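> predicted model, plus sequence, below.
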Amino acid sequence: MTRFAVPCGTIVFCMIAYWLSTQFDRVPPILLRGMQPSDFPQMVLLLIMALSVLVMIFDAPKENKPVGPNVWVSLGLFVVFALVAQIDLFLGLGVFAGCLAWTWGERRPWGIGLVSVLSPLLIFLLFDLVFRIRFPRGLLTNLWYG
């Protein structure tokens, strides 16, 4: 039963998110820099739905272990991310990535610092310079946007 429950739940979630992404405003072609705001999330959602179907088809049923405490701490970090992202999205990503690395067992300070700084920086530069998507202003994004 769980073999199909999780992928089906994922597909339903993706379908709802896809429908919500169709509500995004379309940018007129003359003002468009890169792709439409809804294109990238829709591509990712379609990929997730396709992978969920493949899991239902090819994943062999197996006995699952009980959920460990790291899972609950990781889920709690999403709440921390949502709160810190109100100040700045990338500050929230950095705090989330660093705390997640520590929760999963990384104890080297330079490793946690690298994940905390490099991951949000690469995500920001990818979306800003390649996809030309501007993010909402915040504490750190104001430094880049001026």
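That came through, no problem. Residues are numbered from 1 along each chain as shown.
> how close does the residue lying farthest from the centre of the chain get to residue 36?
In the chain, counting by CA atoms, centre = their mean, residue 30 sits farthest out from the average C-alpha position, at 29.5 Å. To residue 36, residue 30 is 13 Å away according to CB to CB, to the nearest Å. From N, CA and C alone the C-beta is placed, and that goes for glycine too.
> ok, now residue 138?
24 Å.
> residue 90 too?
23 Å.
> now do residue 118
Taking CB to CB, one finds residue 118 at 29 Å from residue 36.
> now stretch 10-21: buried residues?
By neighbour count with 16 or more other CB atoms under 10 Å, stretch 10-21 contains the buried residues 10, 11, 14, 18, 21.
> need the residues that contact that stretch.
Residues outside stretch 10-21 that contact it (CB atoms under 8 Å, 6 or more residues apart in numbering): 38, 41, 42, 45, 46, 48, 49, 52, 53.
> buried ones among those?
Buried among the contacts of stretch 10-21 (16+ other CB under 10 Å): 38, 42, 45, 48, 49, 52.
> just the pLDDT at the last one, thanks.
This means residue 52. Listed pLDDT for residue 52 reads 95.
> check the offset of the helix or strand harbouring it from the chain's centre.
Residue 52 belongs to helix 39-58 when elements are defined using DSSP states H and E. Between the centre of helix 39-58 and the centre of its chain there are 15 Å (CA atoms, centre = their mean, to the nearest Å).
> next: stretch 126-133.
16 Å.
> strands of this structure, start to end?
Along the chain, counting by DSSP state E, no stretch forms strands.
> if we can go back for a sec, what sits up against the helix holding residue 52?
Residues contacting helix 39-58 (CB under 8 Å, 6+ apart): 3-4, 6-8, 10-11, 14-15, 17-18, 21, 131, 133.
> same list, those, but as TSV with distance to residue 108 please.
Formatted as TSV, the contacts of helix 39-58 follow (distance: CB to CB, whole Å):
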residue	distance to residue 108
3	37
4	40
6	33
7	36
8	40
10	33
11	38
14	36
15	41
17	36
18	40
21	38
131	32
133	33
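> I'm done for today, thanks for sticking with me.
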